[in-house]
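Peer 1: Predicted model and sequence below, questions to follow.
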Amino acid sequence: DAGVIQSPRHEVTEMGQEVTLRCKPISGHDYLFWYRQTMMRGLELLIYFNNNVPIDDSGMPEDRFSAKMPNASFSTLKIQPSEPRDSAVYFCASSFSPEGRQFFGPGTRLTVL
Amino acid sequence: QQQVKQSPQSLIVQKGGIPIINCAYENTAFDYFPWYQQFPGKGPALLIAIRPDVSEKKEGRFTISFNKSAKQFSLHIMDSQPGDSATYFCAASTPSGNTPLVFGKGTRLSVIA
């Protein structure tokens, strides 16, 4: 298996633009997680899905952030409009269970100018 | 109740030294305590994990020590090498299957030759 795949690996955009991050989880994993990593806050869980259904989005910072999982092999995290404080590394992870081992993707480094 | 507090934030040791990273928790329902290792530009990956029925677990040069009464667990790296330089995250979860892993804020370890 190729592991968790994320794209793009790097994204540079200007404030106010829409940003879409993409994730393909490991086949067979029922759970998908979106995290944001910054020096100040560490690794923050934004939202997670079970069988394509959002279970907990309490970590989503504000309405500018939205996530979807239209099928078992694809998820998106969208920021609209983007702001400089959204600059961070965004990780997608997948697992068989929410409490067990998570497999992380390589991350998307987002820079909002 | 869901927090895992990790210290120190950063750590510098000389090659061959034994860095120790500590984590503390409050939720007595936690029963799975993994450590994740993250190299620059990569996503975190599971390094080693322990359950509370044992007080210590070793895998190669990495050891988890677990103190259930104190609600603390720590990671020790024996004979540390420059290749161990990475960010380390502790985490914890409950067996309920309803809540995901809770991560500490991470410790940036630098092993200098």
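Peer 2: Perfect, thanks for sending it.
Peer 1: And the residue of chain B that's closest to chain A?
Peer 2: Using C-beta to the nearest C-beta, the closest approach of chain B to chain A is made by B:Gly43 at 3.0 Å. For glycine as for every other residue, the C-beta is placed from the backbone atoms N, C-alpha and C.
Peer 1: Give me the neighbour count for the residue nearest to that residue when sequence neighbours are not counted.
Peer 2: Closest residue to B:Gly43 apart from its sequence neighbours, by C-beta to C-beta, 6 or more residues apart in numbering or on different chains: A:Phe104 at 3.0 Å. In terms of burial, A:Phe104 registers 23 neighbours under the definition other C-beta atoms under 10 Å in any protein chain shown.
Peer 1: Who are the contact partners of A:Phe104?
Peer 2: A:Phe104 is in contact with A:Val4, A:Tyr35, A:Phe91, A:Cys92, A:Ala93, B:Gly43, B:Pro44, B:Ala45, counting by C-beta atoms under 8 Å, 6 or more residues apart in numbering or on different chains.
Peer 1: Go through the residues you listed and name the one nearest A:Ser73.
Peer 2: A:Val4 (11.1 Å; C-beta to C-beta).
Peer 1: distance of the closest one from A:Leu32?
Peer 2: Separation of A:Val4 from A:Leu32 (C-beta to C-beta, to the nearest Å) stands at 9 Å.
Peer 1: what sits in contact with each of the two?
Peer 2: With C-beta under 8 Å, 6+ apart, A:Val4 and A:Leu32 have common neighbours A:Cys23, A:Pro25, A:Cys92, A:Ala93, A:Ser94.
Peer 1: out of these, who's near chain B?
Peer 2: Intersecting the shared contacts of A:Val4 and A:Leu32 with the contacts of chain B gives A:Ala93 (criterion: C-beta under 8 Å from any C-beta of the partner chain).
Peer 1: Residues of chain A that sit close to chain B?
Peer 2: Contact residues (C-beta under 8 Å from any C-beta) of chain A with chain B: A:4, A:31, A:33, A:41-43, A:45, A:48, A:56, A:91, A:93, A:97-107.
Peer 1: The residue nearest to B:Gly43 bridge partners, please.
Peer 2: Applying DSSP bridges to A:Phe104 gives these bridge partners: A:Ala93.
Peer 1: remind me which residues of chain A are low pLDDT?
Peer 2: Low-confidence segments of chain A, defined by pLDDT under 70, span residues A:1.
Peer 1: what ranges do the strands span in it?
Peer 2: Counting by DSSP state E, chain A has these strands, from start to end: A:5-7, A:10-13, A:19-24, A:31-38, A:42-50, A:53-56, A:65-71, A:74-79, A:88-95, A:103-104, A:108-112.
Peer 1: same question, chain B
Peer 2: Taking DSSP E as the criterion, chain B carries its strands at B:4-7, B:10-14, B:20-25, B:33-38, B:45-50, B:56-59, B:62-67, B:72-77, B:86-92, B:102-103, B:107-112.
Peer 1: Contact partners for the closest residue to B:Thr28 other than its chain neighbours?
Peer 2: Of all residues beyond its chain neighbours, the one nearest B:Thr28 is B:Lys71 (7.1 Å), with distances taken as C-beta to C-beta, 6+ apart. The contact partners of B:Lys71, by C-beta under 8 Å, 6+ apart, come to B:Ala24, B:Tyr25, B:Glu26, B:Thr28.
Peer 1: Which entries within those residues meet the buried criterion?
Peer 2: B:Ala24, B:Tyr25 (16 or more other C-beta atoms under 10 Å in any protein chain shown).
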